[in-house]
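Colleague: Here is a sequence together with a model predicted from it:
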Amino acid sequence: MILLDADVIIELERQNEKIIAELERLQAEHAEMFAISPAVYAEVYYGNLAVPEKAAKVNILLEKFKTLPFNEDSAKIFAKIKFLLDKKGTPIPISDLITASVALEHDSILVSKDEHFKRVPNLKLISLK
């Protein structure tokens with residue numbers, strides 16, 4: 001499974017040809033489906049509430065992806081990573097920590113433009129520019 005971060009979904013919404021091409025390449029290489037976390041769903045959905053016409057299009061886009069659950073196991077992973085990163089003084093945003101935890105729980109590859117995911121131990125990450 002390949003988990004997409006909110007910044008990637010936003011680029012898809014903007015029809016960024018470079019990101020679309022990169023995702024097509026990844027899907028061909030990995031032959032896996034794309035998914036999102038509940039945090040990504042919430043971030044993208046929230047970001048479009050102010051413009052109803054835009055929100056309808058975004059809802060259609062979001063429904064194309066399976067939303068992997070954030071469950072008790074994901075919550076334990078979340079807590080351990082948050083504790084570790086806070087202890088080091090290198091926290092990351094809560095929504096991104098949820099997404100990383102879901103990726104780890106489901107043994108998924110996370111695709112993001114955010115560099116701070118590199119601080120999450122054992123996370124399989126593909127960083128896009």
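Modeller: Yes, it's here.

Colleague: can you give me the helices for the chain?
Modeller: If you assign secondary structure with DSSP state H, the helices in the chain sit at 6-13, 17-30, 38-47, 52-62, 72-88, 94-105.

Colleague: Out of these, which one sits most buried?
Modeller: Ranked by mean neighbour count, the helices of the chain are led by helix 94-105 with a mean of 24 (mean count of other C-beta atoms under 10 Å). (Glycine included, C-beta is placed from N, CA and C.)

Colleague: tell me the angle it makes with helix 38-47.
Modeller: Comparing the axes of helix 94-105 and helix 38-47 via axes from the mean of the first three to the mean of the last three C-alpha atoms, to 10 degrees yields an angle of 150 degrees.

Colleague: Output helix 94-105 as PDB - backbone C-alpha positions only.
Modeller: Extracted in PDB, the C-alpha atoms of helix 94-105 (Å, rounded to 0.1, in the frame of the first residue of the first chain):
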ATOM      1  CA  ILE A  94       0.100  15.900  15.100                       C
ATOM      2  CA  SER A  95      -1.800  15.300  11.800                       C
ATOM      3  CA  ASP A  96       1.500  14.200  10.200                       C
ATOM      4  CA  LEU A  97       2.300  12.000  13.200                       C
ATOM      5  CA  ILE A  98      -1.100  10.300  12.800                       C
ATOM      6  CA  THR A  99      -0.300   9.700   9.100                       C
ATOM      7  CA  ALA A 100       3.100   8.300   9.900                       C
ATOM      8  CA  SER A 101       1.600   6.000  12.500                       C
ATOM      9  CA  VAL A 102      -1.000   4.700  10.100                       C
ATOM     10  CA  ALA A 103       1.800   4.100   7.500                       C
ATOM     11  CA  LEU A 104       3.900   2.100  10.000                       C
ATOM     12  CA  GLU A 105       0.900   0.200  11.300                       C
END
